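1. need coordinates for the following:
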Amino acid sequence: MSDFKLDVPLPAKAAGPHTPERRAEARLNSNNAHAELAIISGVVSITATPALIADVSSSGMRVIAHMQTCRGQQVRIKIGKLMIFGEVRHCRPKGAQFVSGVRISDVVGGRRIRKTLTVEQIDALTFGCGLPAA
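-> Below is the predicted model of the structure:
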């Protein structure tokens, strides 16, 4: 996964004077953490591809990959030993890649299942530290 690079740099989006922020919580830049994105159909992973996490909050993230996703698709994002399940809210092309907004539904790490990422997990993604499992 470490060979995956952005074709087009993506700054963290910020709400401007004419673009009101619609998220319940702010997203933090995650320094393009390496991940694996897989589309889920039933209990089977259909397709998996290297991806980068552009930004993250406790309940959502922006994922960049060479694979297009569709609104409503269920996905799995694997970052180290952490598995994040969620629903694609939108997907837009950006150069040769696609940027997907994902609403988190479950976070599986260690021996726990959560509905959101913990503060420690978000900090690890934003500061590039080792990612805690739970």
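2. C-alpha only now, for contacts and for neighbours.
-> Will do.
3. could you find the closest non-adjacent residue to residue 93?
-> The shortest distance from residue 93 to any non-neighbouring residue, by Cα to Cα, 6 or more residues apart in numbering, is to residue 99 (6.2 Å).
4. which of the three states applies to the one you found?
-> Secondary structure state of residue 99, per DSSP: H, G, I helix; E, B strand; the rest coil, is strand.
5. that one pairs with what?
-> Per DSSP bridges, residues listed as beta-bridge partners of residue 99: residue 64, residue 92.
6. quick check: buried residues in the worst-scoring helix or strand of the chain on mean pLDDT?
-> Among the helical and strand segments of the chain, the one scoring lowest on mean pLDDT, DSSP states H and E is helix 119-127, with a mean of 81. By neighbour count on 16 or more other Cα atoms under 10 Å, the buried set for helix 119-127 is 121, 122, 123, 124, 125, 126.
7. let's have those in a markdown table, adding distance to residue 81.
-> Output for the buried residues of helix 119-127, formatted as a markdown table (distance: Cα to Cα, whole Å):
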| residue | distance to residue 81 |
| --- | --- |
| 121 | 12 |
| 122 | 15 |
| 123 | 16 |
| 124 | 13 |
| 125 | 13 |
| 126 | 17 |
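8. so which pair among the residues you listed is furthest apart in space?
-> 121 and 126 (8.7 Å; Cα to Cα).
9. okay, now the unreliable bits of the protein?
-> Applying pLDDT under 70 to the chain flags residues 1-24, 43-45, 128-134.
10. how close does residue 38 sit to residue 119?
-> 24 Å (Cα to Cα, to the nearest Å).
11. circling back to that earlier point, and the least confident helix or strand of the chain, what does it pack onto?
-> strand 28-41, strand 44-56 (3 or more Cα pairs under 8 Å, 6 or more residues apart in numbering; DSSP states H and E).
12. what about 6 Å?
-> Here helix 119-127 touches strand 28-41, going by 3 or more Cα pairs under 6 Å, 6 or more residues apart in numbering; DSSP states H and E.
13. just the angle for the strand it packs on relative to strand 44-56, thanks.
-> 170 degrees (axes from the mean of the first three to the mean of the last three Cα atoms, to 10 degrees).
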